[in-house]
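In: fold the following.
(chains A and B)
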Amino acid sequence: MLTIDALRRLGANTEEGLGRCMKNEAFYLRLVNMALDDEGYDKLVSAIDHGDLKAAFEVAHSLKGSLGNLALTPIYAPIAELTESLRGGQETGCRALLDQILQARAALLALREN
Amino acid sequence: MSRKPLVDITRARRLAVLLCILCVTSWFRPVSARADTQPELVRVGYYENEVFQEGAEEGAVKTGYAYEYYRKLSEYTGWKYKYVYGGFGELYQKLLDGEIDLLAGLAWREERTGLIGYPEAIMGSEAYYLVKQDTQTEITAEASTLNGKRIGVLDSAMVSVLNRYLEEHGVTAEVAIFPDHQSLFGAFDAGGLDVFVAESDGSYVREHAEVLCAFGSSDYYLCVNIRRPDLLAELNEAQTLLAAEEPNYLNSLSNTYYSVSVTARAFSAAEREWMETQNALDVGYLENYLPYSDTDEHGQVTGIVKDIIPEILKGLGISDITVRYRGYGSYDDMIADLTAGEIDVAFPVGGGLYYSEENGIYQSSAVASASTEIVYKGMYDEDTITHFAVNEKNRMQFYYVKTHFPDAEISFYPSIDDCLDAVLAGDVSCTTLNGLRANDILKNREYRDLSLRQTGRNDDRCFGVEIGNEGLLKLLNRGINVIGSDYAQNLSYRYTGGLYSYSLVDVIRDHMAVFGSMLLVVLVLVIFVLVRDSRRTRKEAEEKESARLELEERNRELAESKKALSDALAAAENANRAKTAFLNNMSHDIRTPMNAIVGFTALAASHIDNKAQVQDYLGKITVSSQHLLSLINDVLDMSRIESGKLTIEESDTHLPDVIHDLRTIIQASIAAKQLELFIDTQAVVHEDIVTDKLHLNQILLNILSNAIKFTPNNGTISFRVIEKPSASPDLAVFEFRIKDNGIGMSEEFQKTIFEAFTREKNSTVSGIQGTGLGMAITKNIVDMMGGTISVHSQEQKGSEFIVELPCRISGSAVKHEPLPELEGLRVLVADDDTNTCLSVCAMLREIGMRPDWTNYGKEAVIRARDAMENADEFKAYIIDWMMPDLNGIETVRRIRKVTGEGTPIIILTAYDWADIEQEAREVGVTAFCSKPLFMSELRSVLSQPFRASGETETAKEQGPDFTGKRILLAEDNEMNQMIAATILGEAGFVVDIAKDGVEAVEKMIDAPAGYYDIILMDVQMPRMDGYEAARQIRALKDPEKAGIPIVAVTANAFEEDRKTAIDSGMNGHLAKPYDIPAIMETLERLIR
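Out: The predicted structure is shown next:
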């Protein structure tokens, strides 16, 4: 089960995220669930696999937007970094960042399943 | 190239043909010596063995006794070698199995004769020494003193040699046999052995040991695969020829590699006596005889003699002897003083044993042995060596000539310069020069017409000691042995410079052609100008000029194409080599995890019904897959670096952000391994720098992850950021030190850690996998950023990586305003890490506060109380969360009891404080700060509580009210739509959503004028972006619609985003993630 406490323990800045949701925990958690199910992650992997840095940038940028608003720091931090390197068309390090992103997402998903 | 169709231009064809010929000839050159047969490829087992055989690794430079021997054999056999690497045992098995053809260093054993082929001649022999404890005074070189002693020996050929020796001398001693060197040395070092047996390998010299004597030796062979009798026959033939043509080859080889043998510092009786009776050493030396000896312009001794005497005394451990030097212009005077007892030693002496006996002196071992060179003019023939010029001041030259050219006529001259002049003038046919002196003397321009010829007979230069002074002679010989025979030779180059002077006149003379043609060019130019000016035949001049230009152009083109061709060739060769090495490494590294995946997949398939087992296999497959994935990621990174595609992109960076982000990232792994993390800064003044943030992050993260990976549970990792003094005011130099107390690295590995595909040899033991590329990538990035990286490590102790990086200081750096409200206030810092205390206190002092610090929570409480009682209380506390004696929370609770409400107490922590925040606030913590603490953060956290409080709080609570206002929200991301709608709805807005730019424009067209009060426009949207949408709305015909306020929303707060937004006609700019107060403020400003 996703809870505010669990998210906080994983490093999310829940206070900030909740602030943007007018302190509505249920609403915030709904959005977090949506953010985790976003199909952007699959698109991002496929774009990077195909070396389509432009497409990857667009997807990353969009993910960054929603994750930032939710202050899901463990995913947001690497994706922000990834967005910046993709903006510069730079492929180095992308894989490692992508792995970080996917791992962080997997951790959150695992949290939800349990 | 040769297959390319030839271009139908004569010149081009000729060039191509020429190139073909060049290619063909250079292709065949390596085998032209044995053009009749293809060289035979012989597989040699190559194991690493100090001095004997070094460089047992693909691509490593090979040296050693055995290696040189292989090369020599190849001269006779024409063999080409393929080196097969491995340990000795492994290679011996391969020799038995016929997988290799040759293996060096095997002793003769009866039982081996049917298994491997022994050649007739030996490859070399090894001497064995007896070594005793230096405290065992009753054991001497006399064999009988070994009676009843315990002798350790390695289980090897040495055992039988030792037993034979003991038997021959009728000695009954206890012989202890050890399986390996380690246990043998261990027993000796622990005092369990009186004597042990050492091979003639210099590496076995031990501190508390003394060499007694050599007692035997054993031969070893270069053995051949038994299935290759043809090779054995070739080897026998080659060794026979070698012995005939170069009879001393093996001796000189062993001299080269094993001259520095086990040498003792145990002095003989005669030596001891000399040392006891003497407290000064008078050294006589020959002047004007560099590099050996001379008197310099200050009247001081110079040359080899000046260095070698102290070096010998140092090598022998003699420190209480005064050395005095005395220079002699003539050899005879020096020898006369030596025999008269005026000096103890003369240097150099030489010319052979016979003359030293005649002179009544002993000659020591050779200090330097150089061939004597015959110096002559013109052609060398029989007559050249009939008439010698000899320097009458240097009797060694006379002895040499007299010994080796007894029939030649000799004329004496007062100096060697006069001798050389006599050769030039043709008064004599030749003279001689010592080999160490000859080259540099003859470099002088005046001797350019003289030639050199080596005699091949070495003339040793030694110390001379009066006959009878045996103690000193032995000491000197021992000393020469200790410092090594090449010491003097190596030193000589320091002094030969003085033999050669090169003046400007010499330069001009040497380059007459160049100076001449320069002069000529100037002359021609002058004449040309004169002629042109006087005749003014401009046309002619122009023609000449253009012809000259064309010629120059052609020349340049030719040179360019030549250079381009050779550059391209070199580049192609390099790339090809790199690619091959890379592929070799890669295929090995990829195969390992791939094999695991394939294997476990098969296993899982065959146990498909056993769920638990399949789950276990899947787990293993996942680990291998992740490893493979990280390997491929690293390879991609590496190949980008190698192909030069990696670019460094610098931008304004706030260093504390980078460091805190890193801390956040590693937090989880630190916690998982229960490691202790110390993180602090030292003297960091410049927090705003220009650097490539992404790559800086990557560098530090790579090193930190390694530190975490290689440090066992409960270990410690420390991360320090130090700003070092910089040479330039625009540059800040940072040193990042990451230190752990993990498993560390061996010395050899440290040398190659920054090369691709290196891993510690025993990485399987540590159980930690890696791609072997991480540090290579890190090093490359550090290099590209203009920094340096180094590592110090000790096995089982830990490692420390140091990255030094120069960074430009950001132009937008903020200058710290003075904080008068903090001036003079007392602060107490409590942290168990002294480094943190010191650096925080340094910063506090900088602000103008009066800091105190302690390592203990309990002490902090006591000092707080004490300060209160003495009416000089602390106005702020900075407390570490984790202190061993009393944790931060408890410390704060107790301090709060003393101080009461009001005094700010700040918790400093390297960990995430979310879990303890509530509890901490309850006991009275005012604020939290994460480690490392930077100046700006410290200032902000301290100044907060001392400012007028309350006003900001209330303003935040009451947002503006937009009830009834209608907002058009253009945003493609569904979640952001929901969030924004919630925020805006809360503020009273009616929210209408457009999912991209096109829809936003359509909605504006369809809605009546004045329907929307404002538009919030995301910039990055599909179909039409926010900028374009804003432009189209601004271009609408209805002026009211076109004039609607539009606020841009971008992902960053970059100045250029703001500018582009304004340029597209928008009225304001907001950054994501949403900052509610900023949104409200902007909306309020634009609507009202």
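
In: partner residues bridging the nearest residue to residue B:334 once chain neighbours are set aside?
Out: Using C-beta to C-beta, 6 or more residues apart in numbering or on different chains and skipping the chain neighbours, the partner closest in space to residue B:334 is residue B:328 (3.9 Å). All C-beta spots, glycine's among them, are computed from the backbone N, C-alpha and C. Beta bridges link residue B:328 to residue B:286, judged by DSSP bridges.

In: residue B:328: neighbour count?
Out: A count of neighbours around residue B:328, defined by other C-beta atoms under 10 Å in any protein chain shown, yields 23.

In: then residue B:646?
Out: Quick note: residue B:646 (other C-beta under 10 Å) scores 20 neighbours.

In: surely it and residue B:784 touch.
Out: Yes. Counting by C-beta atoms under 8 Å, residue B:646 touches residue B:784, with 6.7 Å between them.

In: follow-up on the earlier one: wait, what's in contact with the residue nearest to residue B:334?
Out: B:284-287, B:334, B:337 (C-beta atoms under 8 Å, 6 or more residues apart in numbering or on different chains).

In: widest-spaced pair of these?
Out: Within the contacts of residue B:328, B:287 and B:337 form the most distant pair, 13.5 Å apart (C-beta to C-beta).

In: which positions within stretch B:641-648 qualify as buried?
Out: Neighbour counts over stretch B:641-648 (16 or more other C-beta atoms under 10 Å in any protein chain shown) mark B:641-642, B:646 as buried.

In: for it, what is the average pLDDT?
Out: Across stretch B:641-648, pLDDT averages out at 74.

In: for stretch B:1070-1088, same thing?
Out: Here the average pLDDT along stretch B:1070-1088 is 83.

In: check stretch B:55-73 too.
Out: Regarding stretch B:55-73, the rounded mean pLDDT is 87.

In: isn't residue A:56 right next to residue A:86, touching?
Out: Yes. Using C-beta under 8 Å as the test, residue A:56 is close enough to residue A:86 to be in contact (5.4 Å).

In: now tabulate the contacts of residue B:328 in CSV and tack on neighbour count.
Out: Below are the contacts of residue B:328 laid out as CSV (neighbours: other C-beta atoms under 10 Å in any protein chain shown):
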residue, neighbour count
B:284, 24
B:285, 26
B:286, 27
B:287, 17
B:334, 25
B:337, 16
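
In: need those in a markdown table (columns: pLDDT).
Out: Shown next, in a markdown table, are the contacts of residue B:328 (pLDDT from 0 to 100):
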| residue | pLDDT |
| --- | --- |
| B:284 | 93 |
| B:285 | 93 |
| B:286 | 92 |
| B:287 | 90 |
| B:334 | 92 |
| B:337 | 91 |
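
In: could you export those as a markdown table, including distance to residue B:488?
Out: Output for these, formatted as a markdown table (distance: C-beta to C-beta, whole Å):
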| residue | distance to residue B:488 |
| --- | --- |
| B:284 | 17 |
| B:285 | 13 |
| B:286 | 15 |
| B:287 | 18 |
| B:334 | 19 |
| B:337 | 23 |
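
In: let's check: the centremost residue of the chain is which one?
Out: The chain I'm using is chain A. Closest residue to the average C-alpha location of chain A: residue A:75 at 3.9 Å, with C-alpha atoms, centre = their mean.

In: wrong one, chain B
Out: When C-alpha atoms, centre = their mean is applied to chain B, the residue found nearest the centroid is residue B:751 (6.0 Å).

In: so which strand or helix has that residue?
Out: For residue B:751, the element it lies in under DSSP states H and E is helix B:747-752.

In: what distance separates that helix from the centre of its chain?
Out: Computed by C-alpha atoms, centre = their mean, to the nearest Å, the chain-centroid distance of helix B:747-752 equals 9 Å.

In: then stretch B:222-241?
Out: 42 Å.

In: which of the residues in that stretch are buried?
Out: Those would be B:222-226, B:228, B:231-232, B:234-236, B:238-239, for stretch B:222-241 by 16+ other C-beta under 10 Å.

In: which other residues reach that stretch?
Out: Taking C-beta under 8 Å, 6+ apart as the rule, stretch B:222-241 contacts B:42, B:66, B:69, B:73, B:76-77, B:79, B:95, B:98, B:100-104, B:106, B:114-121, B:123.

In: how about the strands in the stretch 251-400 of chain B?
Out: Counting by DSSP state E, counting those that start in this stretch, the stretch 251-400 of chain B has strands at residues B:280-286, B:294-295, B:301-302, B:322-328, B:345-349, B:361-377, B:387-391.

In: quick one, phi/psi of whatever residue of the stretch 1-150 of chain B ends up closest to chain A?
Out: Minimum separation of the stretch 1-150 of chain B from chain A (C-beta to the nearest C-beta) falls at residue B:59, amounting to 27.1 Å. Main-chain dihedrals, residue B:59, degrees, to the nearest 10: phi 80, psi -10.

In: and it, how many neighbours?
Out: 7.

In: same thing with residue B:902?
Out: 10.

In: still on that earlier bit, TSV for the buried residues of stretch B:222-241, including secondary structure and pLDDT?
Out: Formatted as TSV, the buried residues of stretch B:222-241 follow (DSSP: H, G, I helix; E, B strand; the rest coil; pLDDT from 0 to 100):
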residue	secondary structure	pLDDT
B:222	strand	93
B:223	strand	93
B:224	strand	94
B:225	strand	92
B:226	coil	91
B:228	coil	91
B:231	helix	91
B:232	helix	92
B:234	helix	91
B:235	helix	93
B:236	helix	92
B:238	helix	91
B:239	helix	91
